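J.: Okay, predicted coordinates and the sequence, questions at the end:
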Amino acid sequence: MADRRYELSLDLRDVFVWLISRHVDKAFGICVDRNYSAEPGVLSHVVVGCEDQATRRMLREEATEALQALGYTVAPTGGDVYDTCPAYRHEMSAHQQLSSIRRVYDAMHGKYAPARDYSRPRPTDEEIAALPFDDAF
């Protein structure tokens with residue numbers, strides 16, 4: 001996976017959807033910390049937020065395993081870090097969620113597939129410039 005293109009927020013979204021499918025009875029959030037000078041596939045920490053410490057550790061372990069299956073390495077370097085959160089998942093269809101779950105499952109069994117961006121397309125600069133402009137306010 002040397003030429004792999006890392007899309008961390010999309011990969012993290014897929015891992016989050018996969019975790020939710022496995023733990024429907026738990027309420028939690030997830031993000032990862034990255035060091036400012038780290039290579040693209042290197043994470044400092046996987047952070048899971050929930051009330052119960054034992055659950056938090058279990059979910060963090062599963063999320064770390066899934067991210068490693070997707071090609072990431074977790075290697076705390078001790079420097080300043082910044083958070084990366086999952087891509088927005090609330091408008092995903094059930095089919096898209098199943099595709100995300102399957103992608104993580106496949107990765108954990110040695111079959112990698114790239115992330116898919118399900119967000120709505122954003123207009124280009126040219127499309128924005130062509131929109132009617134109402135300055136009569």
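T.: Arrived safely. Being a predicted model, the structure only gives us computed values, none of them experimental. Numbers count the residues shown, from 1 in each chain.
J.: what's next to stretch 5-15, contact-wise?
T.: 30-32, 34, 40-41, 63, 66-67, 70-72, 84-89, 100-101, 103-104, 114-117 (Cβ atoms under 8 Å, 6 or more residues apart in numbering). For the C-beta atoms, the positions are set from N, CA and C on the backbone; glycine is no exception.
J.: hey, C-alpha coordinates of that stretch in PDB?
T.: Extracted C-alpha coordinates of stretch 5-15, given in PDB (Å, rounded to 0.1, in the frame of the first residue of the first chain):
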ATOM      1  CA  ARG A   5      -4.000   7.700  -1.000                       C
ATOM      2  CA  TYR A   6      -5.000   8.300   2.600                       C
ATOM      3  CA  GLU A   7      -8.500   9.900   3.200                       C
ATOM      4  CA  LEU A   8      -8.500   9.900   6.900                       C
ATOM      5  CA  SER A   9     -11.900  11.500   7.600                       C
ATOM      6  CA  LEU A  10     -13.600   9.000   5.200                       C
ATOM      7  CA  ASP A  11     -11.700   6.100   6.600                       C
ATOM      8  CA  LEU A  12     -12.600   7.200  10.100                       C
ATOM      9  CA  ARG A  13     -16.200   7.600   9.100                       C
ATOM     10  CA  ASP A  14     -16.300   4.000   7.800                       C
ATOM     11  CA  VAL A  15     -14.700   2.700  11.000                       C
END
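J.: What about the contacts of stretch 5-15, which are in helices?
T.: Within those, residues falling in helices by DSSP state H are 63, 66-67, 100-101, 103-104.
J.: still on that earlier bit, just the buried members of the contacts of stretch 5-15?
T.: 30-32, 34, 41, 63, 66-67, 70, 72, 84, 86-87, 89, 100-101, 103-104, 115 (16 or more other Cβ atoms under 10 Å).
J.: Good, we can wrap up now.
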